[in-house]
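S.K.: Sharing a sequence plus its predicted fold:
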Amino acid sequence: MAQGEPRDEDESRRKFMLAGAGVLGACVAGITAAPALSMLTHPLRTPTTSGSDAFIPAGKLAQFEGTVPIKVDLYADKVDAWNRVVQVKIGSAWVMQHEDKLVAMSTVCPHLGCAIDFDAEGGKFVCPCHDSYFSLDGAVETGPSPRGMDALEVQTQGELVAIRYQRFRQGTETKEPV
Amino acid sequence: MQWIDWLEERTALPGIWRRFVDHPVPGGPRMRNVLPAVLVYLVVQQMVLGVLLAAHYSPSATDAWASTAYLNDRLDSGWFIRGLHHYGTSALILTAIAYLVQLAVTREYGKPRELVWISTLGLLLVTMVLGMTGNILPWDEQGYWAAQVELGIVEQTPGGEALRAVVQGGAEAGNLTLTRIYAAHAFLLPLLAVALVVGIVVLGRRAEAREAEASAKVQTFGAGQLLVDMLAMLLVAGALVATTVQTHGSELYAPADPTSGFQARPEWYFLFLYKLRMFFEGPLEPVATMVIPGAMGAFLVAAPFLDAMAGRVGRIGVLGGLGLLLAGVVALTAVSISSDAGNESYQKALAQAHKEAERARGFASEGVLPEGGPAVFQNDPEYKVRALYVEHCQNCHELDGFGGEEAPALTEYGNREWLFALVRDPNAKRFFGGTKHRDMDAYPEVAGNDEQTAISDEQLHALVEYLWQLQGEPDVDATLATQGKALWDDELDCNNCHEVDGKSEGSGPNLLGHGSVAWVARVIRDSSKPELFGQEAQMPKFGDDKLSDEQLADLAAFIVRQRGAEVTAEAAAEAAAAATKAAQAKDGANDGATEAKAPEPDDEAEPDDEAEPEPDE
Ligand code: FES
């Protein structure tokens, strides 16, 4: 190769050139990187899904007479990024009379989000994933769940029972809606 | 530096980098050396942008358009990323052509760079196919119809039918077409492009290193050329950004509609083939779609070899051939563009397509039903009200040729012609013929029996103008209406049955504001009100358990609009609220309740004062 020994002058010129190229290269990369970052972080600023946070009819009052929890599926319209879906199942709830009051609790386990089941024999709720047990009022009895089952707002509208369905942050001791 | 040694021992990467920057460039840093670097830059950028798009795109016939509309119109910077990717293809094609021209003109495409030349040709072709496949992915009108044409060309090749079915994934374009084209566009073709651009650079450098040995003036790549390359990239990047911003990204047309007959044009880099096709019709078509492009390709690949083989004559011949080819392509492209620009019907269709695109994308902001792209139009309020109409009204009322005959037709409901025909023969099928209402006599031109009163067309026009005025229309011929009122009150005694004060009951409906949105809303809610059709009414009541106030407002406005009348949303909402109130009021509690339901004809309608009845002269 025809370079000879690199002299100091050459070396500093070379460094300068490389640094310059680096700067220009960063500019070129930035043209894609900046909008890419804004696109990828879009969900941090704007919700991409939305459901109805209104009360959703869950059934007739007469259905929930007893103290045995009954599981109801809740249907509502939902927007999922580019789709609008009409009347899809958005979640389910356990509904029962408890101390003469109608209560509804989300079936989503506060631990890691598995579906909570009802163990009719033991008369308590159980999450099969990591064996969390909840009493009838939703309090944790044993297991890893950091808090009791999440109560949902219930309303009676004449003969109808309506529930406001919400999701809550998982794994935290306090119940915070997401 | 220790970490460099550490890395060197394990990966040899630092050495590779050093060889990369210490690569000898004969002749020193020059602008003429930049094109391969620009090709590398564009290929890399296209891949990054492509990954970003792929992260937000769903390749299915039902989701493709909706997801593209979402990423383009809703996601932050989505339009910019998509636009940059779109124009990046064009930049890549232009750069590849420029490099080819450079190689041919400097004769560098000869030994030892024949494979650089061929790789660049390959990259050009792959990029064009990338553009073609990418164009299809949004599954908008442009993509769908372009795909139809391109697949049609595939079908013309020998064994083409099978080939088309394979590319398309079946007998018809659909989900499999998109997944297959997507796989080609996002995985297969980019791999090829990368391989080709690596070939261009590596083979080019080999040749350069050889030339450097014989060159007096040599500098390392890192000492200058790299900076020049970067400068060139930045220039191209700037041009791309400017184009993207200026055009606000790439157009997205309305969702694919197999019935629309959209006039698809290929991207500019295929226009020459598109135009070429027009010269070869019928059975000759394959000449344009296959023979000529095939011959072009063969000549291009062979060019450096031909050049080397035939000495001076060969040089001139090859250069001439290449020049002619380029000129031909440019000319055909120009002709195609200018003939479209001058083609009025095409321009009209294009403008219409842009409008439709805007409409569809506006509706898409609510989310598209999972049925697929065209379902976006179900977000159109007009569509929703039509659905209501079909559900509740169409069984009895005909509209635009569809629907039952049990009740008056609503096509052009309440326009002058409609009123005219109604008075002539209220018992016709079009009006009350299908109902029990038989109380009103016909008013023919020539009386058929004693009970009928004959009126001339002229008289009837006057009468209709009066009815038009009662309807609260803005464009009333006042003189004619006054004549009509005279006929109404005296000669024809219409007022024997029809009151016109908006509250009193008669044996026929009280006609003040008839046909207005307020009237229609009241009829829908409860047509058996005494000042409407009374006990005779046959139409079912549509209480607020069947139609919400909002739906009622939409429906009433929809019906009134059938005659081209303008109804504002507020007027319709007011009408619906009033109708609901009126329907809920007890029939017996006449005065107070009926006051509320008096229709309010348009305020601007000048004739109101005249029409304001002095009841029962
Ligand atoms: S998810 Fe329910 S216990 Fe872990």
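M.R.: Now that the structure is in, tell me what you want to look at.
S.K.: what secondary structure does residue A:58 sit in?
M.R.: strand (DSSP: H, G, I helix; E, B strand; the rest coil).
S.K.: By residue count, what's the longest strand in chain A?
M.R.: strand A:83-98 (DSSP state E).
S.K.: what's it packed up against?
M.R.: Counting contacts by 3 or more C-beta pairs under 8 Å, 6 or more residues apart in numbering or on different chains; DSSP states H and E, strand A:83-98 is packed against strand A:55-60, strand A:70-80, strand A:101-106, strand A:160-164. Glycine gets a C-beta too; all of them are placed from N, C-alpha and C.
S.K.: domains for chain A, by residue range?
M.R.: A:1-46, A:55-164 (automatic domain parsing).
S.K.: roughly how far out does the last one sit from the chain middle?
M.R.: Between the centre of domain A:55-164 and the centre of its host chain there is 16 Å, according to C-alpha atoms, centre = their mean, to the nearest Å.
S.K.: Stretch B:569-580 now?
M.R.: With C-alpha atoms, centre = their mean, you get 33 Å for stretch B:569-580.
S.K.: Export only the CA atoms of it, formatted as CSV.
M.R.: Extracted C-alpha coordinates of stretch B:569-580, given in CSV (Å, rounded to 0.1, in the frame of the first residue of the first chain):
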residue,chain,number,x,y,z
ALA,B,569,-78.3,18.9,12.8
GLU,B,570,-79.6,21.4,15.4
ALA,B,571,-82.9,21.7,13.6
ALA,B,572,-83.3,17.9,13.5
ALA,B,573,-82.3,17.5,17.1
GLU,B,574,-84.8,20.2,18.1
ALA,B,575,-87.5,18.5,16.0
ALA,B,576,-86.9,15.2,17.6
ALA,B,577,-87.0,16.5,21.1
ALA,B,578,-90.2,18.3,20.4
ALA,B,579,-91.7,15.2,18.8
THR,B,580,-90.8,13.1,21.8
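S.K.: contacting residues around it?
M.R.: The contact list for stretch B:569-580, computed with C-beta atoms under 8 Å, 6 or more residues apart in numbering or on different chains, reads B:516-518, B:520-522, B:524-525, B:544, B:549-550, B:552-554, B:556-557, B:596-597, B:600, B:602.
S.K.: Find the residue at the geometric middle of chain B.
M.R.: The centroid of chain B falls nearest to residue B:254 when counting by C-alpha atoms, centre = their mean (2.1 Å).
S.K.: which ones are touching that one?
M.R.: Contacts of residue B:254 (C-beta under 8 Å, 6+ apart): B:140-141, B:260, B:353, B:356-357, B:359-360.
S.K.: Tabulate those residues (JSON lines), appending neighbour count and secondary structure.
M.R.: JSON lines is the format used below for the contacts of residue B:254 (neighbours: other C-beta atoms under 10 Å in any protein chain shown; DSSP: H, G, I helix; E, B strand; the rest coil):
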{"residue": "B:140", "neighbour count": "28", "secondary structure": "strand"}
{"residue": "B:141", "neighbour count": "25", "secondary structure": "helix"}
{"residue": "B:260", "neighbour count": "17", "secondary structure": "coil"}
{"residue": "B:353", "neighbour count": "20", "secondary structure": "helix"}
{"residue": "B:356", "neighbour count": "18", "secondary structure": "helix"}
{"residue": "B:357", "neighbour count": "19", "secondary structure": "helix"}
{"residue": "B:359", "neighbour count": "15", "secondary structure": "helix"}
{"residue": "B:360", "neighbour count": "26", "secondary structure": "helix"}
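S.K.: quick one: low-confidence ranges for chain A?
M.R.: A:1-9 (pLDDT under 70).
S.K.: could you redo the last one with a cut-off of 80?
M.R.: Along chain A, segments meeting pLDDT under 80 span A:1-10, A:51-53, A:66.
S.K.: repeat for chain B
M.R.: For chain B (pLDDT under 80), the answer is B:1, B:310, B:447-452, B:536, B:586-617.
S.K.: 50 instead?
M.R.: B:588-617 (pLDDT under 50).
S.K.: show me where it has strands.
M.R.: B:24-26, B:218-220.
S.K.: Could you tell me which strands the last one is paired with, and in which direction each runs?
M.R.: It refers to strand B:218-220. If you go by DSSP bridges, strand B:218-220 pairs up with strand B:24-26 (antiparallel).
S.K.: before we move on, back to that, just say which of the domains of chain A is most tucked in.
M.R.: When the domains of chain A are scored by mean count of other C-beta atoms under 10 Å in any protein chain shown, the highest mean neighbour count falls to domain A:55-164 (a mean of 17).
S.K.: So that domain, near the ligand or not?
M.R.: Yes - interface with the ligand: domain A:55-164 contributes A:109, A:111-114, A:127, A:129-130, A:132, A:143-145 (C-beta under 6 Å from any ligand atom).
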